[in-house]
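J.: Quick check, what structure comes out for this input:
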Amino acid sequence: MVEVSLLKCYEQVIGTSAGSRGIVAADRRTLDELPDLVDAVRTAVVFVGVKGPEGTGNGSGFAIEPNPGDSAAAVVVTNCHVVEGCEECKVLLEDGSEFDTTVRLSDPVTDIALLQLPDRLEATLEFRPLAEIRIGEPVLAIGSPFGLTGTVTTGIISGLNRTMPSPSGIPMDNMIQTDALINPGNSGGPLLGLDGRVLGVNDQGGAGLGFAITGDTVHALYDEICETGESRIHRGSIGVRLQFRPFRGPERKQWAQKGGAIVVDDPLAESPAFASGLRNGDVIVKFNGKAVQEPGAMVRLLSRACIGRACALAYLRENTLHEIEITSRARDDIQKEKSDA
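T.: Next comes the predicted model:
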């Protein structure tokens with residue numbers, strides 16, 4: 001019988017260079033050094049307290065370095081569902097300092113919110129790109145479950161590219177799965193690698209499963225509001241309701257993807273989809289050359305860059321592939337008509 005040391009496995013993983021196996025680590029850390037890592041990162045993790053029409057609540061968050069040229073004195077990342085509808089929002093630091101904060105962005109589609117504080121914070125965290133995250137690597141989750149500030153739980157990356165619901169009802173793709181405990185109040189806190197960088201924003205959990213939103217998503221949102229100077233994310237729409245339709249057996253082999261987005265009702269009158277001839281039962285498989293093979297993929301692909309531009313769309317009708325051009329409109333223009341994409 002061969003005995004394998006968990007500590008040795010961890011040291012082998014986190015001591016590997018990025019060029020050979022894809023892990024980027026600022027330091028080689030062993031389990032004995034975890035308390036030092038926690039001490040270093042916990043000062044950037046905050047308690048988020050909110051008050052609204054339905055009472056009080058709390059969650060977690062963490063400070064990031066503002067983008068160059070950004071007018072924000074300090075930026076704290078949390079979940080949209082933590083602050084949605086709040087009338088007052090406060091941030092409590094580890095040292096007991098308390099700040100009133102304003103909600104700079106609250107995006108139900110991604111369940112990300114960005115808070116703005118009046119003063120810079122000494123401690124901030126940085127993100128690690130999704131492409132550098134590996135299944136099986138050890139992680140820490142830090143936050144305030146049940147109001148217990150500074151709580152640390154540990155686990156591993158259990159899976160990638162999971163799909164989970166969002167407050168908007170539109171599925172969120174590319175979620176990170178972990179077995180680190182994530183309980184009510186952990187929402188908005190960081191999921192950290194052993195290099196001290198944030199792998200994701202803890203979003204939901206239970207029964208030994210936790211899910212986090214990727215740092216790539218946060219970066220994209222933050223970059224957009226810095227570029228536009230607005231407090232909302234602009235998305236395109238073609239005016240249809242969609243459901244994910246998985247492919248099976250021969251279909252998956254024939255079309256070389258896992259599924260598509262089926263149009264579940266006739267497109268909205270005078271919408272881009274209606275004008276282009278899409279109809280109930282069509283299955284969208286590609287948009288702008290990218291496969292639509294995950295729930296919610298169309299919402300992600302209909303970014304601000306697509307609004308008002310002719311885009312290529314491929315769909316199946318009676319197992320025949322059709323390709324058309326379609327020009328999306330701003331989602332706000334037809335949001336009141338309850339389109340999904």
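J.: From Val82, how far off is the residue nearest to Leu148 when sequence neighbours are not counted?
T.: What sits nearest to Leu148 in space, not counting adjacent residues and going by CB to CB, 6 or more residues apart in numbering, is Gly185, at 7.3 Å. For every residue, glycine as well, the C-beta is placed using N, CA and C. Distance of Gly185 to Val82, given as CB to CB, to the nearest Å: 9 Å.
J.: With neighbour numbers in mind, choose between those two.
T.: Shown here are Gly185 and Val82; by other CB atoms under 10 Å, Val82 has more neighbours (26 against 23).
J.: For this protein, give the helix that spans the most residues.
T.: Assignment by DSSP state H gives helix 215-228 as the longest helix of the chain.
J.: for that helix, which positions count as buried?
T.: 215-218, 221-222, 224-226 (16 or more other CB atoms under 10 Å).
J.: do the same with stretch 129-138
T.: Neighbour-count burial for stretch 129-138, with 16+ other CB under 10 Å as criterion, is recorded at 130, 132-133, 137-138.
J.: how about TSV for those, with pLDDT added?
T.: Converted to TSV, the buried residues of stretch 129-138 look like this (pLDDT from 0 to 100):
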residue	pLDDT
Leu130	95
Glu132	96
Ile133	97
Glu137	95
Pro138	95
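J.: Same list, these, but as TSV with distance to Ile233 and secondary structure please.
T.: Listed next are the buried residues of stretch 129-138 as TSV, based on distance: CB to CB, whole Å; DSSP: H, G, I helix; E, B strand; the rest coil:
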residue	distance to Ile233	secondary structure
Leu130	19	helix
Glu132	25	helix
Ile133	24	coil
Glu137	30	coil
Pro138	33	strand
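J.: which among those residues gets closest to Arg232?
T.: Using CB to CB, Leu130 comes nearest to Arg232 of the buried residues of stretch 129-138, at 24.0 Å.
J.: distance of that closest one from Asn161?
T.: 9 Å.
J.: Between the two, which contacts overlap?
T.: Jointly contacting Leu130 and Asn161 under the rule CB atoms under 8 Å, 6 or more residues apart in numbering are Asn174.
J.: mind listing the strands for the stretch 151-300 of the chain?
T.: For the stretch 151-300 of the chain, applying DSSP state E, counting those that start in this stretch gives strands covering 151-164, 172-178, 190-193, 198-206, 209-214, 236-237, 242-246, 259-263, 283-287, 290-291.
J.: quick one, domains of the protein?
T.: The chain breaks down into these domains under automatic domain parsing: 6-41+130-228, 46-117, 236-337.
J.: Now do the second one, average pLDDT.
T.: What that stands for is domain 46-117. With pLDDT averaged residue by residue, domain 46-117 scores 94.
J.: hang on, the earlier thing: among the domains of the chain, which is nearest Thr124?
T.: domain 46-117 (4.6 Å).
J.: chain center to the closest one: distance?
T.: Computed by CA atoms, centre = their mean, to the nearest Å, the chain-centroid distance of domain 46-117 equals 16 Å.
J.: tell me how far the ends of that domain are from each other?
T.: For domain 46-117, the first-to-last residue distance is 12 Å (CA to CA, to the nearest Å).
J.: Tell me the helix or strand right after the helix or strand bottoming out on mean pLDDT in the chain.
T.: Here the helix or strand of the chain ranked lowest by mean pLDDT, DSSP states H and E is helix 18-21, holding a mean of 32. For helix 18-21, the following helix or strand on the C-terminal side (DSSP states H and E) is helix 34-42.
J.: So Gly188 sits against Ser144, correct?
T.: No - here Gly188 lies out of contact with Ser144, judged by CB atoms under 8 Å, at a distance of 9.1 Å.
J.: Show me which of those two is the more surrounded one.
T.: A direct count of neighbours by other CB under 10 Å for Gly188 and Ser144 places Gly188 higher, at 32 against 26.
J.: State the distance from that one to Cys80.
T.: 9 Å.
J.: So what's the residue count around the closest residue to Leu313 other than its chain neighbours?
T.: Distances taken as CB to CB, 6+ apart put Ile326 closest to Leu313, at 4.9 Å, once the chain neighbours are dropped. By other CB under 10 Å, the residues close to Ile326 number 24.
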